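Asker: I would like to see how this sequence folds:
(one chain, ligands or ions: 1)
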Amino acid sequence: ASRMQAIDADQTIEAYRAAMNDVLAAQKKAFLDEAPVSVKSRISRLDRTLAILVDHQNELCAAMAQDFDSRPVLMSKFTDIASAVKALKFAKKHLRYWMQPEKRGLEFPLGLLGASGRIAYQPKGVVGVISPWNFPVNLTFAPLAGILAAGNRVMIKPSELTPATSALMEQLFSEYFDGEEISVITGGADVGQAFSSLAFDHLLFTGSTAVGRHVMRAAADNLVPVTLELGGKSPVIVSKSADLDQMAERVLTGKLMNAGQICLAPDYLLVPQDRMAACVEALEKAAARLYPHMDRHPDYTAIINSRHHSRLQAHIKDAQEKGARLSVCGSDGQQKPDDQPNTTMPLYILSGVDDQMTVMRDELFGPILPLVGYQSIDEAIAYINAHDRPLGLYYFGQNQAEERHVIARTTSGGVTVNDVLWHVAHEDLPFGGIGPSGMGSYHGVEGFKSFSHARTIYRQTGFNITKLIGALPPYGQALAKT
Ligand code: NAD
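Answerer: Modelled structure (predicted):
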């Protein structure tokens, strides 16, 4: 860890790689020396992680506000601090139960009579964690619940787009942990690239699908198992049976939290063609109620930087040029003077969109909400199935047969019915994507299992079973009968 601290920002990437390898080697050695990792040691690490969050929540929220230029402290306490605290406490409460070896005896093969078998959950060793900028604290701390409960050591590479938060996390982890237990390495994409090629025992990556591909390729060289928490376009199906006002309020509460910069944000709506106008109206009304204005609104977050702001503006320009109808909510329409860059962005509702427009191709990750019309529910289902498997899928409606039909005919990481996002908040449910939205999952016991090795332990009896079943050469006819 000391070697890591000696690295200056202007050092070459090779120096970084060498220093990171030193930390990894030290962590691996400490892990082997410690075995078995006691409950006490796991609880101590969870407690210290909790202490960082609880004792330094104000500094962490201030750092996030600084990195985003404006981000409501109350929201940060909810999305980044409280949710991670909940995950860590849940793991602390249940880890003894999770650690119990599992007996398997559903059908013990007759020929192995007298022997015993069980599964023992063993820590994998050193887990690498690469985290993104959108919930920089949550997506660094919440995975530690399963990782530390499972008894691992950790190296973390947070995002360079939230420099104040990442630097603070680096400082706080080094105050509460020995570098051989948890070590934070800050840096950009080049450091991330070098980091993802290290010979970890497991690598968790949270970020974009495009970078996820690079990370998995880099991990493949060392056959490092990966958990990938990626993004994508999570659809909302608005049923003919939906209460539009309720739908609009719930969709926008989720969409506008963190200004749409959420992996699970409702990306676009599938709306019955004959309810399109009513749907736009319900959304406009709900937006005006929730955020009468969005410029420096105390509950509204800015777009992370001007590059992302320009990316979002380009989507709007493209959709407008190709004939989409635009409704802007929460803005007085005044241009901001150029010398006062302000990256807050109002909500853009787009109707009359099609797949030729970039808004329907890329994950939006901002306050743009396109509406796609459908005639029959099967047409909406076919639209979803013709695109990448999403991280989340949302259905609003009171028609339970239709709800079952939608869930049975589609695939996504998770589903929330009559709301958006909330399945992620249930700590006892696995969270993860499928296909381009990710692989593997964490939260609760699934987190513990993702970061553990399920080791089969078989104990032979005093009998010579090989002889009993005829597997002892020379083979006789008995072997054919087993
Ligand atoms: P990103 O993929 O650009 O960056 C994520 C992290 O990877 C950063 O720490 C970055 O430095 C690092 N990185 C960049 N290039 C790298 C490379 N070549 N090799 C290794 N690491 C590299 O993602 P982002 O912009 O920070 O986050 C937004 C994306 O993350 C969105 O697509 C969003 O949907 C997704 N996301 C997913 C989840 C989830 O839980 N599934 C949660 C939040 C965000």
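Asker: List the buried residues of stretch 103-117.
Answerer: By neighbour count with 16 or more other C-beta atoms under 10 Å, stretch 103-117 contains the buried residues residue 112. To be clear about C-beta, it is placed using only N, CA and C from the backbone, and glycine gets the same treatment.
Asker: Name the surrounding residues that touch that stretch.
Answerer: By C-beta atoms under 8 Å, 6 or more residues apart in numbering, the residues outside stretch 103-117 that reach it are 118-119, 456-463, 465, 468-469, 482.
Asker: where's residue 32 relative to the ligand, distance?
Answerer: 27 Å (C-beta to the nearest ligand atom, to the nearest Å).
Asker: coming back round to it: determine which two of the contacts of stretch 103-117 are furthest apart.
Answerer: 119 and 468 (25.2 Å; C-beta to C-beta).
Asker: Could you give the number of residues near the nearest residue to residue 261 once chain neighbours are set aside?
Answerer: Nearest residue to residue 261, sequence neighbours excluded (C-beta to C-beta, 6 or more residues apart in numbering): residue 134, at 4.6 Å. Neighbour count of residue 134, defined by other C-beta atoms under 10 Å: 26.
Asker: Residue 134 looks like it's in a strand, true?
Answerer: No. Using DSSP: H, G, I helix; E, B strand; the rest coil, the secondary structure at residue 134 is coil, not a strand.
Asker: returning to that earlier point: go through the contacts of stretch 103-117 and flag which are in strands.
Answerer: 118-119, 456-459 (DSSP state E).
Asker: Now list the buried members of these.
Answerer: Buried among those by 16+ other C-beta under 10 Å: residue 119.
Asker: Enumerate every residue touching the closest residue to the ligand within the stretch 51-200 of the chain.
Answerer: Among the residues of the stretch 51-200 of the chain, residue 192 lies nearest to the ligand; the distance is 2.5 Å by C-beta to the nearest ligand atom. Listed by C-beta under 8 Å, 6+ apart, the contact set of residue 192 reads 130, 157, 211, 215.
Asker: same check, this time on residue 204
Answerer: Contacts of residue 204 (C-beta under 8 Å, 6+ apart): 127-130, 143, 147, 226-227, 229, 442, 450-451.
Asker: how about 7 Å then?
Answerer: Going by C-beta atoms under 7 Å, 6 or more residues apart in numbering, residue 204 touches 127, 129, 143, 227.
Asker: backbone phi and psi for residue 373, please?
Answerer: Phi and psi for residue 373, reported as degrees, to the nearest 10, are phi -90, psi 150.
Asker: what number of residues lie near the residue nearest to it when sequence neighbours are not counted?
Answerer: Excluding its sequence neighbours, the residue lying closest to residue 373 (C-beta to C-beta, 6+ apart) is residue 273, at 4.0 Å. Neighbours of residue 273 under the rule other C-beta under 10 Å: 12.
Asker: Phi first, then psi, for residue 273.
Answerer: Main-chain dihedrals, residue 273, degrees, to the nearest 10: phi -50, psi -40.
Asker: and residue 319, how many neighbours does it have?
Answerer: 25.
Asker: What score does it have for pLDDT?
Answerer: Here, the pLDDT recorded for residue 319 equals 98.
Asker: again with residue 8
Answerer: At residue 8, pLDDT is 61.
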